[in-house]
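# Sequence below, structure please.
(2 chains)
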Amino acid sequence: SQQGEEDPQALSIQEGENATMNCSYKTSINNLQWYRQNSGRGLVHLILIRSNEREKHSGRLRVTLDTSKKSSSLLITASRAADTASYFCATGRDNAGNMLTFGGGTRLMVKP
Amino acid sequence: DAGVIQSPRHEVTEMGQEVTLRCKPISGHNSLFWYRQTMMRGLELLIYFNNNVPIDDSGMPEDRFSAKMPNASFSTLKIQPSEPRDSAVYFCASSATGFQPQHFGDGTRLSIL
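Residues are numbered from 1 along each chain as shown, chains lettered A, B, ... in the order given. Got it, this is the predicted structure:
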């Protein structure tokens, strides 16, 4: 079964708007990662947040982690049509943080 | 820098045939992963190598699936015999060890008729 579950499954917004995607997980983690997948391509790593961190920024991306609620959110600000993709959260389940369990993903469409 | 390279990009074959998928990880990465992605099951980790040694193969669905990593720059995933339910996109990824991002290839889209 999937460790992480993204919400919503699909999101459609206008260019310039913010997009928020949420991820919930079930067991203790040592890190949580977000990835993007464009159609027909492999996943691309966006950001990694460790279990002792609460928030992390990278350009227009902001990730939060609430280990008490076992949840994380990914915020994309000022979205662009090029942000159209599927976004996945992944949790590391081994001590080395290597073995990832991916959620089902959020399909984001940004309309120009 | 070259990313993770997978071949072939597409494979169409008949049920019962042997299928071999290939992966060249990023130089210097010592962890390698094989994943399978389907609409029904999402992205599943099949097997994980560290320093060319299989560490966890609990995701390999059946004995028909096998994976090898003879050296640090090459890995194969083999399905023998193949079945229609093996149709999926298979990804290879590599990373440095420990809390590091994984770098994915563009996958092999496998169709078993």
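# Give me the buried stretch members for stretch A:33-49, please.
By 16 or more other Cβ atoms under 10 Å in any protein chain shown, the buried positions in stretch A:33-49 come out as A:33-37, A:42-49. From N, CA and C alone the C-beta is placed, and that goes for glycine too.
# Point out the ones among those that are inside helices.
Within the buried residues of stretch A:33-49, no residue falls in helices by DSSP state H.
# what's the most distant pair in those?
Spatial extent of those (Cβ to Cβ) is set by the pair A:42 and A:49 at 21.4 Å.
# circling back: and the buried residues of stretch A:33-49, which is closest to residue B:43?
residue A:43 (7.7 Å).
# Make sure the closest one is actually in contact with residue B:104.
Yes: if you go by Cβ atoms under 8 Å, residue A:43 and residue B:104 touch, sitting 4.5 Å apart.
# which residues are in contact with both of those two?
By Cβ atoms under 8 Å, 6 or more residues apart in numbering or on different chains, residue A:43 and residue B:104 have these common neighbours: B:91, B:93.
# Just list whatever residues bridge to residue A:76.
Note on residue A:76: beta-bridge partners by DSSP bridges are residue A:19, residue A:61.
# pretty sure it contacts residue A:15?
No: between residue A:76 and residue A:15 there is no contact, the gap being 11.5 Å when judged by Cβ under 8 Å.
# All the helices of chain B, residue numbers only.
According to DSSP H, chain B contains no helices.
# Next SSE downstream of the helix or strand bottoming out on mean pLDDT in chain A?
Lowest by mean pLDDT, DSSP states H and E among the helices and strands of chain A is strand A:5-7, with a mean of 82. Later in the chain than strand A:5-7, the nearest helix or strand by DSSP states H and E is strand A:10-14.
# what's next to that next one, contact-wise?
For strand A:10-14, contacts defined as Cβ under 8 Å, 6+ apart pick out A:19, A:21, A:79, A:106, A:107, A:108, A:109, A:110, A:111.
# wouldn't the third one be in contact with residue A:21 here?
So the one you mean is residue A:79. No: using Cβ under 8 Å, residue A:79 is not in contact with residue A:21; the gap is 11.5 Å.
# Looking at the two, which is more packed in?
Comparing residue A:79 with residue A:21 by other Cβ atoms under 10 Å in any protein chain shown, the one with more neighbours is residue A:21, at 24 against 21.
# tell me the contacts of that one?
So residue A:21 contacts A:6, A:7, A:8, A:11, A:73, A:74, A:87, A:106, A:108 (Cβ under 8 Å, 6+ apart).
# Quick one: the strands in chain A, in order.
Secondary structure of chain A (DSSP state E): strands located at A:5-7, A:10-14, A:19-24, A:31-37, A:43-50, A:55-58, A:61-66, A:71-76, A:85-92, A:100-102, A:106-111.
# JSON lines please, covering those strands and showing distance to residue B:80.
Listed next are the strands of chain A as JSON lines, based on distance: least, Cβ to Cβ, whole Å:
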{"stretch": "strand A:5-7", "distance to residue B:80": "34"}
{"stretch": "strand A:10-14", "distance to residue B:80": "37"}
{"stretch": "strand A:19-24", "distance to residue B:80": "37"}
{"stretch": "strand A:31-37", "distance to residue B:80": "29"}
{"stretch": "strand A:43-50", "distance to residue B:80": "27"}
{"stretch": "strand A:55-58", "distance to residue B:80": "43"}
{"stretch": "strand A:61-66", "distance to residue B:80": "41"}
{"stretch": "strand A:71-76", "distance to residue B:80": "40"}
{"stretch": "strand A:85-92", "distance to residue B:80": "30"}
{"stretch": "strand A:100-102", "distance to residue B:80": "27"}
{"stretch": "strand A:106-111", "distance to residue B:80": "34"}
